[in-house]
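[1] Kindly generate the corresponding structure for this input.
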Amino acid sequence: MIRFLRPLLRGTTYTRLLHLWVPTLSIAFWLFIDPSTPWVPALFLIPAGMIPAVRRGEGVQARLLLTPGETDPGISEVPASCWRDRGRTLLWLELRMLLGAVAVFACVWLPILTFELAKYAWGLPASDIPFLEGLTPHRALALLAPLPLLALYGTVLGLGALITRCARWLLGPSAAERMAALEERTEQLLERTRIARELHDSIGHALTVAVVQAGAARAAGDPEFTGRALTAIEETGRAALEDLERVLGVLREAERPVSARPTLVDADRLVESARASGAKVDLEVTGAVESLPGPVSREGYRILQEALTNVLRHAGAVPVRVRMTVTGRELALEIRNPLPAALPAGRGGSGLRGIRERAALLGGRADTGAREGDWLVRAELPLG
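    Numbering: from 1, shown residues only. Predicted coordinates:
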C-alpha cells in the first residue's frame, strides 16, 4: 500500500501535473470570449510553433517541470534550426494542449463524481450531472465512490509519464544537435588521450632516466661518475621541462572552442611552414576538404603536422609529397619522403604511435614505414 501511494509523495508528480495545466489557461480565457469554439486556441499554436525561440522556451519548461533534477533528460534547450524542428515543436504544442485538457477534465470531474456517488449512497439529492442520470440511490454506491479517485490517480500518473516521453521524443536533440554533441565528445576523448600520451612519453621517460642515474651514482661511489650522472640528470630535467611546457600548451589549446582549432582547411599553413624550414613540399588535394566532418578534419591536420615534423626532424630538407584525397566514405592522407641512408628501416617513437592512435580513435587506420626507398605515412579516416 505504501509503495502504491509513494508517487503522491514525489514532487515530480505535481510538477508534471502543473505542466499539463499551463496550456489550458488559454482555453479557459477563450471560453470567456466564445464558449462555442473551444478549439480556436489550437489554431493560434500553428504560428507559435514556427517561431524558433518557442522551442527553447518549451524545452526549458519541460526540463524544469517534467524532469526536475535530471542531469541529462534528453530534452533540448536550443531554438529550432530547421523546418523539421519547427514541425516537431508544433506537434508538441498541440499534443501538450490536448493532454492538458484531458488532465483538467479528469481533475475536475472525477472528484465531483466521487462526491456525487457518496451523496447518492447516503440518500441525499444529487446534482444534475449527466453521468448519473437514471441512477437509483443505494447504500452500495459507497463502494463505487473511491473508483473515480483511483481513476484520477492513474490518469495523473499516466499522463505525466506520457507527456514526459513525448517531450523527449519531440523536444529531444535534433540530428544536427546530436552530431554536434558527438563531435564535442569525440574531441574531448581525443584530447584526453593525446595529453595522457604526451605526459607518459615525456615526463615518464625523464623521471625514469633520472631515477636510474641517481641510483647508479649512489651505488658507484665515484665522484667523476657522480658528476656525469648529475649532468645527465640536469639535461634530462631540462628536456622534461621543455616537454612539460609543450604539454601545458596542449592543455591551453584544449580549452579553446572546438571550432577555433586548426583543420585541414589550414593545411597550406603547415606546408608553408615546412617549406620555410627547407623542405620541398608538393601538395595535391583531391575532393572537397572543407566538407569534412570536424573531428576528421582536425585529426587529419594533426596527423599531417606530425608527419611533416618527423620529416624535418629525421630527414631534413628533402622533397616531400603530400596527397589528400576526400571521397564519399573516407579521407586518405599520404606523406612520402626519401629515406635517409643513415636512418634505419624502422623508425619508432611516440609521434608515429600517436598517428596510429588518432586514426584508430576515429575508426580508421594508419600505416608507417619504409616503402621502395621512401618513408611513407598513410592514414585512412572514415567519414561516417
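
[2] alpha carbons only for contacts and neighbour counts from here, please
    OK.

[3] Show me which residues of the helix or strand hosting Leu149 are buried.
    Secondary structure from DSSP states H and E places Leu149 in helix 146-170. Using 16 or more other C-alpha atoms under 10 Å as the test for burial, helix 146-170 gives 146-149, 152-153, 155-157, 159-160, 163-164, 166-168, 170.

[4] Next secondary structure element downstream of the helix or strand of the chain with the lowest mean pLDDT?
    When the helices and strands of the chain are compared on mean pLDDT, DSSP states H and E, helix 175-220 comes out lowest with a mean of 70. Next along the chain after helix 175-220, taking DSSP H and E as the criterion, comes helix 223-254.

[5] How far off centre is that next one?
    Its chain's C-alpha centre and that of helix 223-254 lie 38 Å apart, by C-alpha atoms, centre = their mean, to the nearest Å.

[6] does the closest residue to Ala53 other than its chain neighbours count as helix, strand or coil?
    Nearest non-adjacent residue to Ala53, counting by C-alpha to C-alpha, 6 or more residues apart in numbering: Pro79, 4.9 Å away. Recorded secondary structure, Pro79: coil (DSSP: H, G, I helix; E, B strand; the rest coil).

[7] same check, this time on Leu333
    With three-state DSSP as the basis, the three-state label of Leu333 is strand.

[8] That one against Glu380, yeah?
    Yes. With contacts counted by C-alpha atoms under 8 Å, Leu333 reaches Glu380, the gap being 6.4 Å.

[9] and the residue located most distally from the centre of the chain, helix, strand or coil?
    Outermost residue of the chain with respect to the C-alpha centroid, by C-alpha atoms, centre = their mean, is Gly123; its distance is 63.3 Å. State at Gly123, reduced to three classes by three-state DSSP: coil.

[10] Next up, phi/psi of it, please.
    Here is the backbone geometry of Gly123 (degrees, to the nearest 10): phi 80, psi 10.

[11] Next, count neighbours for the spatially closest residue to Thr89 that is not a sequence neighbour.
    Excluding the flanking residues, the one nearest Thr89 by C-alpha to C-alpha, 6+ apart is Gly49, at 5.5 Å. By other C-alpha atoms under 10 Å, 22 other residues sit near Gly49.

[12] so the residue lying closest to Leu352 once chain neighbours are set aside bridges to which residues?
    In space, and not counting its chain neighbours, Leu352 is closest to Thr368: 7.2 Å by C-alpha to C-alpha, 6+ apart. Beta-bridge pairing for Thr368 (DSSP bridges): Val377.

[13] distance of Thr368 from Gly100?
    Distance of Thr368 to Gly100, computed by C-alpha to C-alpha, to the nearest Å: 63 Å.

[14] out of the two, which sits in the more crowded spot?
    Gly100 (24 against 21).

[15] could you give the mean pLDDT of the host helix or strand of that one?
    Using DSSP H and E, Gly100 sits in helix 83-121. Helix 83-121 shows a mean pLDDT of 89.

[16] quick one: buried residues of it?
    Within helix 83-121, the residues that count as buried by 16+ other C-alpha under 10 Å are 85-97, 99-104, 106-107, 110-121.

[17] picking that back up, how much space between the residue farthest from the centre of the chain and Ala142?
    The gap separating Gly123 from Ala142 is 11 Å, by C-alpha to C-alpha.

[18] tally of neighbours for Leu304?
    By other C-alpha under 10 Å, 25 other residues sit near Leu304.

[19] For the closest residue in space to Thr164 that isn't next to it in sequence, what are phi and psi?
    Leaving aside its sequence neighbours, Thr164 sits nearest to Leu66 (C-alpha to C-alpha, 6+ apart; 5.9 Å). Here is the backbone geometry of Leu66 (degrees, to the nearest 10): phi -90, psi -30.

[20] I'd assumed Tyr14 was in contact with Leu66.
    No. Assessed by C-alpha under 8 Å, Leu66 is found out of contact with Tyr14, at 9.4 Å.

[21] where does Val322 fall, helix, sheet strand or coil?
    Here Val322 is recorded as strand under three-state DSSP.

[22] in the sheet, who's paired with it?
    The partner residues for Val322, given DSSP bridges, come to Leu283, Ile335.

[23] what's the pLDDT at it?
    For Val322, the predicted pLDDT is 94.

[24] and if you look at the one 4 residues further on?
    In this prediction, Val326 carries a pLDDT score of 92.

[25] Kindly report the same for Ala345.
    46.

[26] Neighbours of Glu234, how many?
    Glu234: 13 neighbours (other C-alpha under 10 Å).

[27] Can you give me the separation between it and Ala217?
    For Glu234, the distance to Ala217 equals 14 Å [C-alpha to C-alpha].

[28] With Leu124 instead?
    Taken as C-alpha to C-alpha, the span from Leu124 to Ala217 is 105 Å.

[29] same question, Thr12
    Counting by C-alpha to C-alpha - Thr12 and Ala217 are separated by 68 Å.

[30] before we move on, what about Phe32?
    Distance, Phe32 to Ala217, using C-alpha to C-alpha: 95 Å.

[31] Verify the contact between Arg139 and Ala121 for me.
    Yes. Assessed by C-alpha under 8 Å, Arg139 is found in contact with Ala121 at 4.4 Å.

[32] Tell me the helix or strand right after the helix holding Gly100.
    In N-to-C order, the element after helix 83-121 by DSSP H and E is helix 141-144.

[33] still on that earlier bit, quick one, what contacts the residue nearest to Thr89?
    Taking C-alpha atoms under 8 Å, 6 or more residues apart in numbering as the criterion, Gly49 is in contact with 55, 86-87, 89-90, 93.

[34] Apply 6 Å and report the result again.
    Going by C-alpha atoms under 6 Å, 6 or more residues apart in numbering, Gly49 touches 86, 89-90.
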